[in-house]
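Engineer: here is my input; please provide its structure:
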Amino acid sequence: MIASSTVLRPPRRIPWPALVGLAYAVTQLVFVVPHLGLGWDETVYLSQADPHRPAAYFSAPRSRGISLLTAPVLAVTDSTAVLRVVLALLSAAALYAAYRVWQPLLGPGRTALAALLFAGLWTTLLYGPQAMPNLWVALSAVAAVGWFLRATHPPAGRRALLGLGAMVAAATCFRFSDGVWLALPLLAACAIVPAWRRPAPALAVASGFAVGGAEWIAEAYLRWGGVGARLHASSATEGGMGTHWAGGMAWRSLNGPLLCRPCHRPLVHPELTLWWLALPALALIACVLAWRARRGAVVLLPVACAAALSIPYLLLIDYSAPRFLLPVYALLSPPLATLAAHAAHAIRSPRARPLAAGLAAALLALHLSAQYHVLDRNTAHARATAARYRTAAHDLRRLGLTPPCLVSGTHAPPIGYDAGCASANVGGNNRDTTAHALLRRAAREPVATLARTRSGPPRYARAWTPHPLPGAGLTAYTPPH
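Structural biologist: This is a model prediction of the structure:
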């Protein structure tokens, strides 16, 4: 007789953070990727690594991280659809990896909620498959702060220090100025908090910043004559960095437009901005509760880093765009998830817990549905803008602009990129040539200057032949043959 025994295995835990990453990828692929052409800034970043098109003017504030990220895809194909799919999958993997760093600090449930709070924002969904740096700065920043907290709690292994340095380097490489505002509070924490006064975390932050900013600094000397000169040029490009309260503009542009410059448009659907107005209060409550519970590090440090990263976009520029504050939202999501868990634990009545859970789920669903509503509208707007660029590029090719060629004037970078031409401007924030140099170039290759139909041609093109581009609302002026 053979005795049989039953082995009881513990139930498998649901990988909630991985499911959030998967949902983020699927949502992008279904609702965003099929509908997006290339935007203005994307064409500038992509042209730096595209072997089939001339590089557009790369202004002083920009960093080349996103160009490096997309270079392998552009080396294989020039398909926008393929690029979108690759970036959607990469951003979903990066979202999971960035928040996975927090799992030993928060636990899987809170980590998944933090990832969901960030991934559910319309800006996070819209810019996941786009070749723009802000989302990648956000994911690098949230991972960097998580690795910092793990590196400062002994025994801190080499893995945490390497992760900290690598994520600070990534954030700095994607956007140099954001790397500065991320590194400052981390270094300050090493100096202020007695338990964190160890050389290893500070050295990891400083080394990561140096590695990530090396290319930007080297280019500053090669093209502008030094870091100070590049910073001065960056300020001029941004319209003059100084004391400006941009919080009102950030609020008015929260649901679009994608770039609010100049920012005089009224707020659209103010009821959909209540979550944004509640963020400072919720972050403050999370900090107070964490301080009382003597678990302040997990909440206070990401809030401090979020506050630092918001400074240039709320206090130093006079325009706004919804994507600017993506790093702030990413860093505030772990404290908000911690606050939600604290609120759930504070409910002691067994009868009240199901009601509270249902109410929280309903509020989250309402928030996500509102985000989808805004996403749908802004995706349609981005699609229409890209379509106008493609239409104008098609009309220019019909006029005889074939590579090598040059497009200047209004919307020159994206239209020139679609047409396969170089782009240049004789005025504005992205001035990179002179009228005399442009006229000399017009003598040896096809050139078109774009202007809004009502504005008329620039002075150097007054004798040129006008060609209306009705699909774009522009007129192209070409030199007489």
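Engineer: pull the number of nearby residues for G358.
Structural biologist: 10 (other C-beta atoms under 10 Å). The way it works is simple: take the backbone N, C-alpha and C, and place the C-beta from them, glycine included.
Engineer: name the helix or strand for it, please.
Structural biologist: Here G358, judged by DSSP states H and E, is contained in helix 352-398.
Engineer: swap in A448?
Structural biologist: Counting by DSSP H and E, A448 is part of strand 447-452.
Engineer: what lies in contact with whichever helix or strand comes after that strand?
Structural biologist: Sequence-wise, the next helix or strand downstream of strand 447-452 (DSSP H and E) is strand 465-469. Contacts with strand 465-469, where a contact means C-beta atoms under 8 Å, 6 or more residues apart in numbering, come from 391-392, 395-396, 399, 448, 450, 453, 457, 474-480.
Engineer: which two in those residues are spaced the farthest apart?
Structural biologist: The largest separation in the contacts of strand 465-469, counting by C-beta to C-beta, is between T391 and P480 at 24.9 Å.
Engineer: who's more crowded, the two?
Structural biologist: Between T391 and P480, counting by other C-beta under 10 Å, T391 is the more crowded of the two (17 against 6).
Engineer: what's the neighbour count on the nearest residue to the more buried one once chain neighbours are set aside?
Structural biologist: Nearest non-adjacent residue to T391, counting by C-beta to C-beta, 6 or more residues apart in numbering: G471, 3.6 Å away. Neighbourhood size, G471 [other C-beta under 10 Å]: 14.
Engineer: G471 in helix, strand or coil?
Structural biologist: coil (DSSP: H, G, I helix; E, B strand; the rest coil).
Engineer: show me what contacts it?
Structural biologist: Shown in contact with G471 (C-beta under 8 Å, 6+ apart): R388, T391, A392, D395.
Engineer: how close does the closest residue to A360 other than its chain neighbours get to T433?
Structural biologist: The shortest distance from A360 to any non-neighbouring residue, by C-beta to C-beta, 6+ apart, is to A340 (7.2 Å). Going from A340 to T433 by C-beta to C-beta, to the nearest Å gives 54 Å.
Engineer: who has more neighbours, the two?
Structural biologist: When A340 is set against T433 and neighbours are counted by other C-beta under 10 Å, the residue ahead is A340, at 19 against 16.
Engineer: check the more buried one and give its pLDDT.
Structural biologist: Looking at A340, its pLDDT is 94.
Engineer: that one reaches L113, doesn't it?
Structural biologist: Yes: with contact defined as C-beta atoms under 8 Å, A340 counts as touching L113 (6.3 Å).
Engineer: give the contact list for the most centrally placed residue in the chain.
Structural biologist: The centre of the chain sits closest to N134, judged by C-alpha atoms, centre = their mean, with a distance of 1.7 Å. Counting by C-beta under 8 Å, 6+ apart, N134 touches Y127, R175, R323, F324, L326, P327.
Engineer: nearest to A419 among those residues?
Structural biologist: Among the contacts of N134, and counting by C-beta to C-beta, the member closest to A419 is Y127, at 25.2 Å.
Engineer: touching, F174 and L68? I think so.
Structural biologist: No: F174 is beyond contact range of L68, at 9.1 Å (criterion: C-beta under 8 Å).
Engineer: compare those two (neighbour count), which wins?
Structural biologist: Between F174 and L68, F174 has the larger neighbour count (other C-beta under 10 Å), namely 26 against 15.
Engineer: the domain parsing of this protein - what is it?
Structural biologist: 16-242+296-309+322-345, 383-478 (automatic domain parsing).
Engineer: which of the contacts of strand 465-469 ranks first by neighbour count?
Structural biologist: Going by other C-beta under 10 Å, A448 tops the contacts of strand 465-469 with 31 neighbours.
Engineer: in contact with the closest residue to it other than its chain neighbours, which residues?
Structural biologist: Using C-beta to C-beta, 6+ apart and skipping residues adjacent in sequence, the residue nearest A448 is A476, 4.5 Å away. Taking C-beta under 8 Å, 6+ apart, we find A476 in contact with A392, D395, L396, L399, A448, T449, L450, P466, H467, P468, L469.
Engineer: now do 7 Å
Structural biologist: Neighbour list for A476: L396, L399, A448, L450, H467, L469 [criterion: C-beta atoms under 7 Å, 6 or more residues apart in numbering].
Engineer: in the sheet, who's paired with the third one?
Structural biologist: Which is A448. Following DSSP bridges, A448 is listed with bridge partners V407.
Engineer: check whether it really touches T478, as I assumed.
Structural biologist: Yes: A448 is within contact range of T478, at 5.2 Å (criterion: C-beta atoms under 7 Å).
Engineer: what residues are shared contacts of the two?
Structural biologist: Between them, A448 and T478 share the contacting residues L399, judged by C-beta under 7 Å, 6+ apart.
Engineer: thinking again about what came up before, in helices only, show me the contacts of N134.
Structural biologist: The helices in this structure, assigned by DSSP state H, contain Y127, L326, P327 from those.
Engineer: next, format these as TSV and append distance to V82, pLDDT and neighbour count.
Structural biologist: Listed next are the ones in helices among the contacts of N134 as TSV, based on distance: C-beta to C-beta, whole Å; pLDDT from 0 to 100; neighbours: other C-beta atoms under 10 Å:
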residue	distance to V82	pLDDT	neighbour count
Y127	18	98	24
L326	24	98	26
P327	27	98	29
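Engineer: pick the one among those residues closest to L231.
Structural biologist: Using C-beta to C-beta, the ones in helices among the contacts of N134 come closest to L231 at P327, 20.2 Å.
Engineer: give the closest residue to the closest one in space, chain neighbours not counted.
Structural biologist: With C-beta to C-beta, 6+ apart as the criterion, P327 has its nearest non-adjacent residue at 4.2 Å, and that residue is A138.
Engineer: mind checking pLDDT for that neighbour?
Structural biologist: pLDDT recorded at A138 is 98.
Engineer: now do the one 4 residues further on
Structural biologist: The model reports V142 with a pLDDT of 98.
Engineer: that one: which element?
Structural biologist: V142 is part of helix 134-151 when elements are defined by DSSP H and E.
Engineer: and that helix, how far from the chain's centre?
Structural biologist: Mean-position distance between helix 134-151 and its chain equals 14 Å (C-alpha atoms, centre = their mean, to the nearest Å).
Engineer: go ahead and confirm H342 touches C287.
Structural biologist: No: checked against C-beta under 7 Å, the pair H342 and C287 is beyond contact range at 11.8 Å.
Engineer: picking up where we left off before, ok, of the contacts of strand 465-469, which one's closest to G248?
Structural biologist: Nearest member of the contacts of strand 465-469 to G248, counting by C-beta to C-beta, is L474, at 31.5 Å.
Engineer: so what's the closest one bridging to?
Structural biologist: Beta-bridge partners of L474, as defined by DSSP bridges: R452, L469.
Engineer: what's the separation between it and A412?
Structural biologist: L474 is 10 Å from A412, by C-beta to C-beta.
Engineer: overlap in contacts of the two?
Structural biologist: L450.
Engineer: okay, now the unreliable bits of the stretch 101-250 of the chain?
Structural biologist: 155-156 (pLDDT under 70).
Engineer: rerun that using 90 as the cut-off
Structural biologist: Within the stretch 101-250 of the chain, the ranges that satisfy pLDDT under 90 run 152-157, 195, 198, 238-244.
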